[in-house]
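**Q** Give the three-dimensional model of this entry:
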Amino acid sequence: MRNLDQDNITQAVIASFAGTADPRLKQILISLVQHLHAFAREVELTEDEWFKGVEFLTRCGHITDDKRQEFILLSDVLGLSMLTVAMNNHKPEGCTEATVFGPFYVKDAPQYELGADIANGAKGTPCQVRGTVRGTRGEAIAGATLDVWQSDDDGLYDVQHEALEQAQARGQLRADGEGRYHFRSIVAVPYAIPHDGPVGAMLQATGRHPWRPAHLHFMVKAPGYETLITHVFRQDSDYLDSDAVFGVRQSLVCDWAVQPDGSYLLAYDFVLNPAKAGGPA
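**A** Prediction:
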């Protein structure tokens, strides 16, 4: 492996993976090297630009912690997250569409009874949320688990509030025996993704805004069905056509109806795809 140059180094790197035991890992690494090297050649990448790229990724790592995932943000704003979702979520017609996971999901969210107020003091206009969870044949999915999370009226998730000691505007519920769910929360509002770090600097440098349309996150699980990760968007929200992370699907845009008392009502029914035999639920 001496006397390598720009014409033969790619093949030398690929050859170094010959002993990779995992065939899928080998395939991914070889393709990654081929595309990275082709990119560098295509743009005639300078050493200074390469160092700046390394510094950018280093800053992403430094700002990432248990409450903020800058690499997910980077993947989101580059459209890679949504591309991966689209490629891996081919579902029959009528199934609820999937969209991006986002960086603010928290495991083991508080569990609530149906009808409870998951806002738990979060700032915002009250909103009732209700609907059903069913399968593609119309069957009710009894006991389906729904993880729900959203930002508050300031456009912040609970984990973004440094002094907050309890979870707000997030929780986990179970549908009843007929697949029905209902809970209270607050009205979703548009918000800006965190843009005080390297991803924000990239958006500014490229003339892009950091805003997302108003939405409520859901992760719906049930034995025998594929897990659904999705949002429900507000029909009257700004940024539906310019979502910073490219996550909007028309089938997920819904009317949040104003009630006589000034509160809101969101009604949305989920349709889950049956899990394939031997596949992940």
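
**Q** Please, where are all the helices along the stretch 1-150 of the chain?
**A** Assigned by DSSP state H, counting those that start in this stretch, the helices in the stretch 1-150 of the chain fall at 9-15, 23-43, 47-63, 70-77, 80-88.

**Q** List the buried residues of the shortest one.
**A** Residues 10, 13-14 are the ones in helix 9-15 that count as buried (16 or more other CB atoms under 10 Å). No exception for glycine: its C-beta is placed from N, CA and C like everyone else's.

**Q** Same check on the third one?
**A** For helix 47-63, the buried set under the neighbour-count rule, 16+ other CB under 10 Å, comprises 60, 63.

**Q** got the angle between that helix and helix 23-43?
**A** Relative orientation of helix 47-63 and helix 23-43, computed by axes from the mean of the first three to the mean of the last three CA atoms, to 10 degrees: 130 degrees.

**Q** and helix 47-63, what does it pack onto?
**A** Judged by 3 or more CB pairs under 8 Å, 6 or more residues apart in numbering; DSSP states H and E, the packing partners of helix 47-63 are helix 70-77, helix 198-205.

**Q** Let me know which of the ones you listed is tucked in deepest.
**A** Burial of those is given as mean neighbour count (mean count of other CB atoms under 10 Å); helix 70-77 ranks first at a mean of 21.

**Q** pLDDT on it, on average?
**A** Average pLDDT, helix 70-77: 94.

**Q** Over to stretch 119-137?
**A** Average pLDDT, stretch 119-137: 97.

**Q** Give the buried residues for it.
**A** Here stretch 119-137 shows 119-120, 122, 124, 127-135 as buried, counting by 16+ other CB under 10 Å.

**Q** Quick one, which of the helices and strands packed on helix 47-63 gets closest to residue 258.
**A** With respect to residue 258, and counting by CB to CB, the nearest of the helices and strands packed on helix 47-63 is helix 70-77 at 30.6 Å.

**Q** helices or strands next to the closest one in the packing?
**A** Going by 3+ CB pairs under 8 Å, 6+ apart, helix 70-77 lies up against helix 47-63, helix 80-88, helix 198-205.

**Q** at 7 Å what do you get?
**A** Using 3 or more CB pairs under 7 Å, 6 or more residues apart in numbering; DSSP states H and E, the elements in contact with helix 70-77 are helix 47-63, helix 198-205.

**Q** hmm, back to that, same list (the helices and strands packed on helix 47-63) but as CSV, adding distance to residue 48.
**A** Putting the helices and strands packed on helix 47-63 into CSV (distance: least, CB to CB, whole Å) gives the following:
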stretch, distance to residue 48
helix 70-77, 21
helix 198-205, 16
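
**Q** Among those, which comes closest to residue 243?
**A** Of all the helices and strands packed on helix 47-63, it is helix 70-77 that lies closest to residue 243, at 9.5 Å by CB to CB.

**Q** Dump that closest one to CSV, restricted to CA.
**A** Presented in CSV, the C-alpha positions along helix 70-77 are these (Å, rounded to 0.1, in the frame of the first residue of the first chain):
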residue,chain,number,x,y,z
GLU,A,70,-27.3,17.7,16.8
PHE,A,71,-26.6,14.8,14.4
ILE,A,72,-30.3,14.1,14.2
LEU,A,73,-30.9,17.7,13.4
LEU,A,74,-28.2,17.6,10.7
SER,A,75,-29.7,14.5,9.2
ASP,A,76,-33.2,16.2,9.4
VAL,A,77,-32.2,19.4,7.6
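
**Q** Could you list which residues are in contact with residue 106?
**A** Taking CB atoms under 7 Å, 6 or more residues apart in numbering, we find residue 106 in contact with 159, 170.

**Q** Kindly provide the distance from it to residue 45.
**A** Distance, residue 106 to residue 45, by CB to CB, to the nearest Å: 38 Å.

**Q** just residue 236 next, same as before
**A** 45 Å.

**Q** same thing with residue 274?
**A** Taken as CB to CB, the span from residue 274 to residue 45 is 47 Å.

**Q** More neighbours: which of those two?
**A** Set side by side, residue 274 and residue 45 show more neighbours around residue 274, with 17 against 14, by other CB atoms under 10 Å.

**Q** Please name the nearest non-neighbouring residue to that one.
**A** residue 225 (5.8 Å; CB to CB, 6 or more residues apart in numbering).

**Q** same question, residue 147
**A** For residue 147, the spatially nearest residue (CB to CB, 6+ apart) is residue 219, at 4.1 Å.

**Q** Pretty sure that neighbour sits in a helix.
**A** No - per DSSP: H, G, I helix; E, B strand; the rest coil, residue 219 lies outside any helix segment and is strand.
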